[in-house]
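Visitor: Provided below for reference: sequence and predicted model.
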Amino acid sequence: MKYAAILLDAHDVSISVTEITGDTPHDENDCIRSKIDDDCELYEVVRLGSNVCMLVDEEGLLKREPIVNPIASIMYPGFPPSPIAGNALIVGMTRDEDGEEIFTDAPAWIMYEVLSALHTFMNELKAADADSDKNPGAQGEGQENQS
């Protein structure tokens, strides 16, 4: 098996295309878990549409120092957005000849959704920067020197 996935990297907030490989379902799952996180033991399948899903670390927020993935968190269905920790993979889904769902290449249209989530995140960063520029001393306001 070999198919293309979109990697949403939490560490440097980047997007790239990667390959999922494996001669057996076990090998394929090992490949998926290694791309999500070095210590990912269990991943969750999050439906983003009828033929696309996002694979995330099921226990990501429980880890010692979780790194929240802003793009994956924005893409997670529901409101308010749920924080997703660690890398995420976006893959396609189809049915095999027995009717079982299997992963396949990420559909091209999902890149629009990924870029839209990235755009939302960048706008939130700009707004936060603008607020901090307007109120540079707001965090320490009201505190008096106790010495």
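Guide: Alright, I've got the coordinates.
Visitor: Please count neighbours and contacts with C-alpha atoms only from this point.
Guide: Fine.
Visitor: OK, contacts around the residue nearest in space to the middle of the chain?
Guide: Centroid check for the chain by C-alpha atoms, centre = their mean gives A72 as the closest residue, at 2.9 Å. Under the criterion of C-alpha atoms under 8 Å, 6 or more residues apart in numbering, the neighbours of A72 are 8, 84, 88, 117.
Visitor: Which of the residues you listed sits closest to S132?
Guide: Closest approach between those and S132, by C-alpha to C-alpha: A117, at 22.8 Å.
Visitor: helix/strand/coil for that closest one?
Guide: Assigned with DSSP: H, G, I helix; E, B strand; the rest coil, A117 falls in the helix class.
Visitor: that older thread, what about the residue nearest to the centre of the chain, helix or strand, and which?
Guide: helix 70-75 (DSSP states H and E).
Visitor: Helix or strand next in line after that helix, which one?
Guide: strand 88-95.
Visitor: Let me see the mean pLDDT of that following strand.
Guide: Mean pLDDT, strand 88-95: 93.
Visitor: Return the list of strands paired to that strand, each annotated with direction.
Guide: Strand 88-95 has its sheet partners listed here by DSSP bridges as strand 2-9 (antiparallel), strand 52-57 (antiparallel), strand 101-104 (antiparallel).
Visitor: for the ones you listed, which one ends up most surrounded?
Guide: Highest mean neighbour count of the strands paired with strand 88-95: strand 52-57, a mean of 23 (counted as mean count of other C-alpha atoms under 10 Å).
Visitor: can you give me how far that one is from the chain middle?
Guide: 8 Å (C-alpha atoms, centre = their mean, to the nearest Å).
Visitor: Just the C-alpha atoms of it, please, in PDB.
Guide: C-alpha atoms of strand 52-57 as PDB (Å, rounded to 0.1, in the frame of the first residue of the first chain):
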ATOM      1  CA  VAL A  52     -11.800  12.400   3.800                       C
ATOM      2  CA  CYS A  53     -10.600  12.200   7.400                       C
ATOM      3  CA  MET A  54      -8.000  13.600   9.800                       C
ATOM      4  CA  LEU A  55      -5.900  11.200  11.800                       C
ATOM      5  CA  VAL A  56      -4.800  12.600  15.200                       C
ATOM      6  CA  ASP A  57      -3.100  11.300  18.400                       C
END
